[in-house]
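Trainee: fold the following, please.
(3 chains)
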Amino acid sequence: MSNDLSSEMEVDAFRRLFPLRFHERHLQESIRPDARPLGKARDTSVALGAVASADGSALAKIGCTTMLAAIKMEVMTPTTESADEGCIAIDFHMPPICSPLVRPGRPAEAAPVISKQLSDTILSSGMINLKELSLVSGKAAWMAYLDIYCLDADGALFDAALLSAVAAFSHLQIPVVSLNDDGRVVVVSDEDGGKLEKEPVNKEKRKLKLSSIPFSLTCVLHKNYILADPTAEEESVMETILTVVLDSSFQLVSLYKPGGPVLAQTSVIQDCVALTRQRLKELQKILNEAVSDMEED
Amino acid sequence: MAGKSGATPSTYSPSPTTQNKKRPPIFSDVDWVRSDGRGFHQCRPAFLRTGAVNSASGSAYAEFGNTKVIVSVFGPRESKKAMMYSDSGRLNCNVSYTTFATPVRGQGSDHKEFSSILHKALEGAIILDSFPKTTVDVFALVLESGGGDLPVVISCASLALADAGIMMYDLIASVSVSCLGKNLVIDPISDEESYQDGSLMITCMPSRNEVTQLTVTGEWSTPKIHEAMELCLDACSKLGKIMRSCLKEAASPVQE
Amino acid sequence: MEIDRVDGRTPNQLRPLACSRSILNRAHGSANWSQGETKVLAAVYGPKAGTKKNENPEKACIEVIWKPKTGQIGKPEKEYETILKRTLQSICLLTVNPNTTTSVIVQVVNDDGALLPCAINAACAALVDAGIPLKNLAVAICCCLTDSGYVILDPNKLEEQKMKAFVYLVFPNSILSVLPEGSSQIGGEPMEHGVITSVTHGVMSVDDYLHCLQRGRAASAKLSDFLRRNLQSHSPGDLSKAG
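Mentor: Prediction:
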């Protein structure tokens, strides 16, 4: 039975020398090294307004994985094809502080890929109506720069990044602006409200309406097991990763499986979708609580 | 960078801070009040916490007013392949800013100058002989810049090094002073820094009473420098105590 | 019921396929794959000695370099590189040549829709041409979902732009082997029904996705046949390229 040395070695040594067998021993007992059952995600929290210098920001934590997202609003001249639409530019960063694998000057391979996935997901989900970002049709519109920084990378990076991005948009407070004589858009500050001769152009549009918010769950597939919300260790030992993104009406926004040794049969895909549905409800609750906490203060 | 494709339209920030760069007269007055209500010789409240990043060997988070910094330490680990054999360890530092750290959106690039100053400030305190052939990496990310970024980065880095268990002669505390007209203000915020006539930063090992780095820029008279140094050293020893208690706090529950 | 396609195809009809191999002299293996007007050229170099830093020394390493038709590579190309790399890693027998690197260079000749699937097919044919040991072949297909909920296969660029959503799927091809019946079944489903890679764009219902999966699977059998016939016509006696 125990011809795999596991009974004769210290746990930590066994974990480092035979990582796959270490995890498989856990899977046989339907438990994971951090004492979670297979289908359970790690503790998740969202805090809004973490960055004072941004127009909207949020800090999301899933287990140890930490993401800081912040939105800065700038003004642009819209293109003639979409004269009454604003724009969203999304960038995902993995600074060297987040993981021992990232070194300065050599950006992480995963960063541009997650960046692309995030913009595809957020833009194609239709969560934000770009028309709401228009200021003066054909003349000025908002460009929302959303930058997401990974502060601590411990698996399921996309899930945490998407959660922080969505939370940052729900925290976003658009500054009140007016057009000055040069045709530039300037912020109306509270102090010189008295000598204000120009009417603000966006008095009512301070918040974006977010419809069908997308939420995601990453799973690791190994043999017949499905592990929800993997840690970095689990992702590196068992290589097949599958990410499902659903919106609040359970429509599929993305099903992403980039290769991997395990094939996803239809039943496996259905199981992952079912896990994501459960997770979506949890995440919705966490986000709603964060928003209402913010409003109370 | 790869992210900056040609398709991005040019944008500008609507915030008015970019235009009026005129120095308000109040700063040269003798009895103006600092915008955050502090006295001239009063530091901002400091919040320090170790163990902010789980995947690093050691890390620390520091918040001084609006200045927020995370520092991660990795190693001692294998030096780059190109490096020659060396009896003493190597220290590698990097400081970068987030794109949203400053009021106007930046590029989020590395800060070469700060990286080398951080390196010099820490080098003297670390016992490099204790990890031959290997490298310790100290990476800092400024989440939000609210003034006095560099001293905060340096103090936070020394806390992170302690958290990683890297051998040091002492902790390193760093404080800066700005000279505004006749006045000296300690631990300046961004606004004060942008109007300053000169600045002085001291990096020291408080319990050994040794200075590892002294940076002076701008116009200073000798008595002013003396006064500023006294102020800084005094503040450093107080900061050192706060850092020490932060480390003790982090260590005590483990020893139960 | 039927929807009209620009080029008069039926919804399930693929564009004409063409594949020619060993077209580059210096590469260890190469293939030109085209689906209608979409053309991709793939070249394989390797296995070469050594792996990149941080790679597993007990396994072979695969690197993918994506060359767009014009211009420099941006985020979409980086994403394609990663997907292609992960897909190829999962069909290669990485333990046969440990501590080696195999480079796959993909040059886009013309993009007329379904670019990534075409590139995956080209890369797969090139790997075979180079004699890299594979577990099985992979075939890639693009399924599109129209606004009215119909699924069409292998769209061209014009169709791709009009679509509500599309799915890129990669399936393993069926194994013809001496293994006993049933050993290639996983949980009651034949092995070739499993998805190696799935990438989607646009919002759809889960049922729509499963429908795409079903249609893609049916079409992958055709692609699989084409690939196998193409490879067989070449192989006998062609031992000069070993190495």
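
Trainee: switch to C-alpha atoms for all contacts and neighbour counts from now on
Mentor: OK.

Trainee: so residue C:199 sits in a helix?
Mentor: No. Checked against DSSP: H, G, I helix; E, B strand; the rest coil, residue C:199 lies outside a helix; its state is strand.

Trainee: number of nearby residues for it?
Mentor: 19 (other C-alpha atoms under 10 Å in any protein chain shown).

Trainee: can you map out the strands along chain C?
Mentor: Counting by DSSP state E, the segments of chain C that form strands are C:17-21, C:29-35, C:38-49, C:61-67, C:100-110, C:138-145, C:151-153, C:165-172, C:185-186, C:189-190, C:197-201.

Trainee: give me the residues contacting the last one.
Mentor: Contacts of strand C:197-201 from elsewhere in the structure, counted by C-alpha atoms under 8 Å, 6 or more residues apart in numbering or on different chains, are A:120-121, A:124, A:253-260, C:83, C:87, C:165-171.

Trainee: okay, and the helix or strand of the chain with the least pLDDT?
Mentor: By default, I'm working from chain A. strand A:185-187 (a mean of 80; mean pLDDT, DSSP states H and E).

Trainee: let's do chain C instead
Mentor: Going by mean pLDDT, DSSP H and E, chain C bottoms out at strand C:185-186, a mean of 56.

Trainee: buried set for the longest helix along chain A?
Mentor: Assignment by DSSP state H gives helix A:266-296 as the longest helix of chain A. The neighbour-count check on helix A:266-296 (16 or more other C-alpha atoms under 10 Å in any protein chain shown) flags A:266, A:268-269, A:272-273, A:275-277, A:279-280, A:283-284, A:287, A:290-291 as buried.

Trainee: neighbours of residue 224, how many?
Mentor: Defaulting to chain A. Neighbour number of residue A:224 under other C-alpha under 10 Å is 11.

Trainee: that's the wrong chain, I wanted chain C
Mentor: The burial count for residue C:224: 20, using other C-alpha under 10 Å.

Trainee: do the same with residue B:191
Mentor: 12.

Trainee: what residues does chain C have near chain B?
Mentor: Counting by C-alpha under 8 Å from any C-alpha of the partner chain, the residues of chain C close to chain B are C:73-75.

Trainee: please name the bridge partners of the residue in the stretch 101-250 of chain A that chain B sits nearest to.
Mentor: Here the stretch 101-250 of chain A gets closest to chain B at one residue, residue A:186, 4.5 Å apart by C-alpha to the nearest C-alpha. For residue A:186, the beta-bridge partners are residue A:178 (DSSP bridges).

Trainee: any idea how far it is from residue A:87?
Mentor: For residue A:186, the distance to residue A:87 equals 18 Å [C-alpha to C-alpha, to the nearest Å].

Trainee: which parts of the top helix by length along chain C are buried?
Mentor: Across chain C, the longest stretch assigned as helix under DSSP H is helix C:206-234. Neighbour-count burial for helix C:206-234 flags C:206, C:208-209, C:211-213, C:215-217, C:219-221, C:223-224, C:227, C:230-231 (criterion: 16+ other C-alpha under 10 Å).

Trainee: is chain A within reach of that helix?
Mentor: Yes. Judged by C-alpha under 8 Å from any C-alpha, helix C:206-234 comes into contact with chain A at C:206, C:209-210.

Trainee: by contact count, what packs against that helix?
Mentor: strand C:138-145, strand C:151-153, strand C:165-172 (3 or more C-alpha pairs under 8 Å, 6 or more residues apart in numbering or on different chains; DSSP states H and E).

Trainee: quick one: closest of the ones you listed to residue B:126.
Mentor: strand C:165-172 (53.3 Å; C-alpha to C-alpha).

Trainee: just checking: what are the partner strands of that closest one?
Mentor: strand C:138-145 (antiparallel), strand C:197-201 (antiparallel).

Trainee: give me the low-pLDDT residue ranges for the stretch 151-297 of chain A?
Mentor: By pLDDT under 70, the low-scoring segments of the stretch 151-297 of chain A are A:189-198, A:203-205, A:297.

Trainee: pick the most buried one from the strands paired with strand C:165-172.
Mentor: Most buried of those by mean neighbour count (mean count of other C-alpha atoms under 10 Å in any protein chain shown) is strand C:138-145; its value is a mean of 27.
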